[in-house]
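A.B. asks: sequence plus predicted model, see below.
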Amino acid sequence: MRDSLTFFSPLEQFEIVSLIPISIFNFNISVTNSTLFICISIFICLSWISLSFYKNLIIPSHWQLLKENFYDLTANVVRDNLGSKGEVYFPFIFTLHLFLLFCNLIGMVPYSFTVTSHIIFTFSLALLIFIGINIIGFKTHGLLFFSLFLPRGVPLIIVPLLITIEFLSYIVKVFTLSIRLFANMTSGHTLLKIIAGFAWTMLSAGGLLAFFHVIPLLLLLALIGLELAIAGLQAYVFTLLTCIYLNDVLDLH
């Protein structure tokens, strides 16, 4: 039996648990709780979209209105950062935004799992996006794509140094994109678990402490509202930065 310290650990909620162990040629491809909640997120995304399109009316229903507002929000991000050339990438940007939003929100449900709180997930997603963006850049500009690392009018003597700096700053985008989402979701959920555990400890102690457990409980409710806002904001920021990075390779800024 696990001791009370381990049981109430705020990091326990991030543990990846194998649900269906599968091993092929010594490769572990087991179905985990992370896999399960990724599939749940995808299913809810598809269900929400299907529900939004069900019996569309001139005067929109609540579901239809919510979908249209989300669509407009994503369309504005693409339009403001990519212009007309971004229309072809809109389906991917919209899907990315919606998927991350539901992954973050599902993680707020008690006893669920937040897949975006793991760096391996956010880094893999950011790396795939980074690779795709570079493929688009090479396909659009060819070898001229490398001019992204060398601005015009630079003195020849500092060209090697500038190329190194530009290349490193370009590569670090993968890490900033992934770490920002991972860090915000992990820190927020950890804080909620700590305050919830503190309130429960005060209540269990009885006496005067049990009366004052209302204070951390009210703080917890306020932080839950803040964390819900952060869940939506981080999905938006990830999508926004993806559009900005894509625009850089299309216009060679």
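C.D. replies: Looks like it came in fine.

A.B. asks: packing partners for the longest helix that the chain contains?
C.D. replies: For the chain, the helix reaching the highest residue count under DSSP state H is reported as helix 159-205. On a contact count with 3 or more CB pairs under 8 Å, 6 or more residues apart in numbering; DSSP states H and E, helix 159-205 meets helix 119-141, helix 207-212, helix 214-251. All C-beta spots, glycine's among them, are computed from the backbone N, C-alpha and C.

A.B. asks: out of these, which comes closest to Phe167?
C.D. replies: helix 119-141 (12.3 Å; CB to CB).

A.B. asks: angle of the closest one against helix 159-205?
C.D. replies: Helix 119-141 and helix 159-205 meet at an angle of 150 degrees, taking axes from the mean of the first three to the mean of the last three CA atoms, to 10 degrees as the criterion.

A.B. asks: show me the contacts for the closest residue in space to Leu177 that isn't next to it in sequence.
C.D. replies: Nearest non-adjacent residue to Leu177, counting by CB to CB, 6 or more residues apart in numbering: Ala126, 4.1 Å away. Residues in contact with Ala126, defined by CB atoms under 8 Å, 6 or more residues apart in numbering, are 174-175, 177-178.

A.B. asks: hmm, back to that, distance to Ile163 and mean pLDDT added to the helices and strands packed on helix 159-205, as a markdown table?
C.D. replies: Below are the helices and strands packed on helix 159-205 laid out as a markdown table (distance: least, CB to CB, whole Å; pLDDT from 0 to 100):
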| stretch | distance to Ile163 | mean pLDDT |
| --- | --- | --- |
| helix 119-141 | 16 | 92 |
| helix 207-212 | 60 | 72 |
| helix 214-251 | 16 | 90 |
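
A.B. asks: possible to save those as a markdown table with distance to Gly188?
C.D. replies: Formatted as a markdown table, these follow (distance: least, CB to CB, whole Å):
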| stretch | distance to Gly188 |
| --- | --- |
| helix 119-141 | 14 |
| helix 207-212 | 24 |
| helix 214-251 | 5 |
